[in-house]
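Enquirer: turn this into a structure:
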Amino acid sequence: MKTPPKPLIALGALALAATGYMVFSPSAEADRWLGYVEGEPLMIAAPVAGTLAARPAMRGQEVLPGAPLFTLDPTTTDAQSAQLAAEVAAARAQAADLAQGRNRAPEQAAASAALASARAQAVRAGADFERISALAGKGFASRTQLDAARAARDSANAAARQAEAVLASGGLSAGRPEQQAAAQAGVGAAEAALRAQTRRRQEIAPVATVKGVVEQTFYDPGEWVLANQPVLAVLPDDQRKLRFFVPQGRVAALKVGATVRFTCDGCGEGERTAKVSYISPRAEFTPPVIYSERARAKLVFMVEAALPAGQPLPLGLPVAVVAE
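Expert: I've put the predicted structure just below:
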């Protein structure tokens with residue numbers, strides 16, 4: 001067996017040393033910041049307790065805005081809504097009644113007829129007084145007859161004025177201004193309670209507000225759900241981000257809003273971009289699962305970068321990040 005020439009052995013050793021330097025040198029490692037994909041799920045809950053009637057959203061299912069997520073048993077809520085709707089109708093009827101005239105139309109018609117009769121009596125009494133007054137001036141009527149005619153005239157005029165007052169009073173509103181204001185306030189309070197109950201009805205049957213994936217479900221139909229306890233978690237597509245760790249010597253060059261490039265397994269050819277959204281104000285020791293054994297003692301800063309819309313990468317996917 002022939003021994004390779006010494007120049008070839010030296011050349012191979014030099015190439016191996018160069019490769020090791022490139023892989024394990026601090027500068028090569030400093031240019032690549034390792035991390036993973038993270039997300040902020042939305043915990044969807046109802047503000048009241050109840051039995052879970054339905055949960056059409058399944059774990060791992062993609063949901064679009066407006067898609068139903070779950071529904072609590074609406075029996076109690078619907079009964080309360082019906083009660084509040086009846087209270088609104090009663091408050092409106094009371095306010096309308098106080099705003100109407102004291103008398104109904106037939107009563108006002110009777111008052112108008114009484115006024116016409118009283119005015120006719122006043123005209124007749126006035127004519128009788130004028131006639132007797134003329135006769136008394138000629139000595140054909142006594143003083144007593146004149147006084148009686150005058151009294152009849154005055155009484156008829158007073159009766160006509162009373163009939164006018166009765167007719168005007170019947171046309172007034174049934175409630176005083178303060179009572180009408182209180183009635184309108186009652187209507188507003190009843191309507192506000194009904195709106196709140198309508199909103200509560202929507203909250204026990206929420207729908208998706210964003211596009212995303214149902215990350216986890218915590219209750220199944222038929223189970224009792226406590227108030228404010230999440231029934232499921234939805235991970236929005238636009239709430240996924242990169243979380244990576246930058247050595248202390250490089251973090252000062254990063255700014256919130258800066259663009260970084262990253263690569264990951266299965267992401268296709270080329271590099272993708274993300275925008276730095278958060279830089280931790282505190283240093284921490286390098287997580288051993290992120291850096292090599294040699295780099296564990298280094299201080300690093302945790303950095304987060306928002307992913308562009310339309311890049312819903314799976315959570316936990318390892319990434320390698322480099323600065324622009």
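
Enquirer: for the residue of the chain positioned farthest from its centre, helix, strand, or coil?
Expert: Centroid-distance maximum for the chain: residue 139 at 92.8 Å, with Cα atoms, centre = their mean. Assigned by DSSP: H, G, I helix; E, B strand; the rest coil, the conformation of residue 139 is coil.

Enquirer: residue 120 - that's part of a strand, no?
Expert: No. Applying three-state DSSP, one finds residue 120 to be helix, outside a strand.

Enquirer: tally of neighbours for it?
Expert: Each residue near residue 120 was counted by other Cβ atoms under 10 Å, and the total is 12. Placement of C-beta: from N, CA and C, glycine included.

Enquirer: model confidence for it, exactly?
Expert: Residue 120 carries a pLDDT value of 86.

Enquirer: wouldn't residue 157 be in contact with residue 122 here?
Expert: Yes. Residue 157 is within contact range of residue 122, at 4.9 Å (criterion: Cβ atoms under 8 Å).

Enquirer: more neighbours: which of the two?
Expert: More crowded of residue 157 and residue 122, by other Cβ under 10 Å: residue 122, with 21 against 17.

Enquirer: how about the secondary structure of the nearest residue to the more buried one once chain neighbours are set aside?
Expert: Sequence neighbours aside, residue 156 is the residue nearest to residue 122 in space, at 3.9 Å (criterion: Cβ to Cβ, 6 or more residues apart in numbering). With three-state DSSP as the basis, residue 156 sits in helix.

Enquirer: isn't residue 156 right next to residue 121, touching?
Expert: Yes. Taking Cβ under 8 Å as the definition, residue 156 is a contact partner of residue 121 at 4.5 Å.

Enquirer: of these two, who's got more company?
Expert: Taking neighbours as other Cβ under 10 Å, residue 156 and residue 121 compare with residue 156 leading, 21 against 18.

Enquirer: how close does the more buried one get to residue 194?
Expert: Per Cβ to Cβ, to the nearest Å, residue 156 is found 56 Å from residue 194.

Enquirer: what about the helices in the chain?
Expert: 6-24, 26-30, 75-99, 105-137, 143-171, 177-203 (DSSP state H).

Enquirer: how about those, which one is nearest residue 256?
Expert: Of all the helices of the chain, helix 26-30 sits nearest to residue 256, with 21.0 Å by Cβ to Cβ.
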